[in-house]
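Novice: Sequence plus the predicted model coming up.
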Amino acid sequence: MSIPFSNTHYRIPQGFGNLLEGLTREILREQPDNIPSFAAVYFENLLERREKTNCDPAEWGAKVDDRFYNNHAFKEQEPPEKEESQTSVKEETPVTDFEFSEEDKKKEENAAVKIQAAFRGHLAREGMKKMKDGDLQEEKTQDNN
């Protein structure tokens with residue numbers, strides 16, 4: 001008797017993939033002997049950090065995925081009651097996500113220059129390689145004649 005295959009598609013809960021990616025990254029970084037116990041300790045630390053900071057990495061990962069695919073997660077609207085009570089606070093203290101110091105800006109600029117220089121060097125090497133290959137082909141055709 002044969003059992004027909006079901007057409008069931010399982011969905012991965014939002015944020016779960018990011019949690020597993022984080023665990024995988026740490027396993028590859030640490031190379032533990034006992035992976036299940038390492039995973040248990042990893043998730044315990046994650047739970048402690050979530051309780052201390054009130055930031056759930058699974059929820060954050062779901063928002064990042066949502067932003068990547070449709071850019072709606074970070075445009076959440078607050079209920080009207082909250083908007084009215086917080087308008088004066090928002091006007092007094094503007095909130096910026098990150099404030100960079102001049103030193104950070106210099107480091108970022110230097111990193112960008114290094115990356116650009118490395119890429120330009122890569123392009124130059126590729127160009128030279130193509131030129132050498134072209135010269136070799138011309139020499140072969142001249143030698144055959």
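Specialist: Received, thanks.
Novice: Without its sequence neighbours, what residue ends up closest to the spatially most central residue of the chain?
Specialist: Nearest to the mean C-alpha position of the chain, by Cα atoms, centre = their mean, lies Val64 at 8.8 Å. Excluding its sequence neighbours, the residue lying closest to Val64 (Cβ to Cβ, 6 or more residues apart in numbering) is Asn18, at 7.0 Å. No exception for glycine: its C-beta is placed from N, CA and C like everyone else's.
Novice: quick revisit: kindly indicate whether the residue nearest to the centre of the chain is helix, strand or coil.
Specialist: helix (DSSP: H, G, I helix; E, B strand; the rest coil).
Novice: Report the separation between it and Ala111.
Specialist: 23 Å (Cβ to Cβ, to the nearest Å).
Novice: coming back round to it: what is the burial count for the residue nearest to Val64?
Specialist: By other Cβ atoms under 10 Å, 18 other residues sit near Asn18.
Novice: what residues does the host helix or strand of it touch?
Specialist: Per DSSP states H and E: Asn18 is located in helix 16-30. For helix 16-30, the external contacting residues (Cβ atoms under 8 Å, 6 or more residues apart in numbering) are 35, 38-39, 42-43, 46, 57-58, 60-62, 64-65.
Novice: Would you state the helices of the chain in chain order?
Specialist: Assigned by DSSP state H, the helices in the chain fall at 16-30, 35-53, 57-69, 80-92, 102-144.
Novice: So which of those helices is nearest Thr8?
Specialist: For Thr8, the closest of the helices of the chain is helix 16-30, at 17.9 Å, according to Cβ to Cβ.
Novice: List the buried residues for the closest one?
Specialist: Across helix 16-30, burial judged by 16 or more other Cβ atoms under 10 Å covers 18-19, 22-23, 26.
Novice: cool, stretch 54-70 as well?
Specialist: By neighbour count on 16+ other Cβ under 10 Å, the buried set for stretch 54-70 is 56-58, 61-63.
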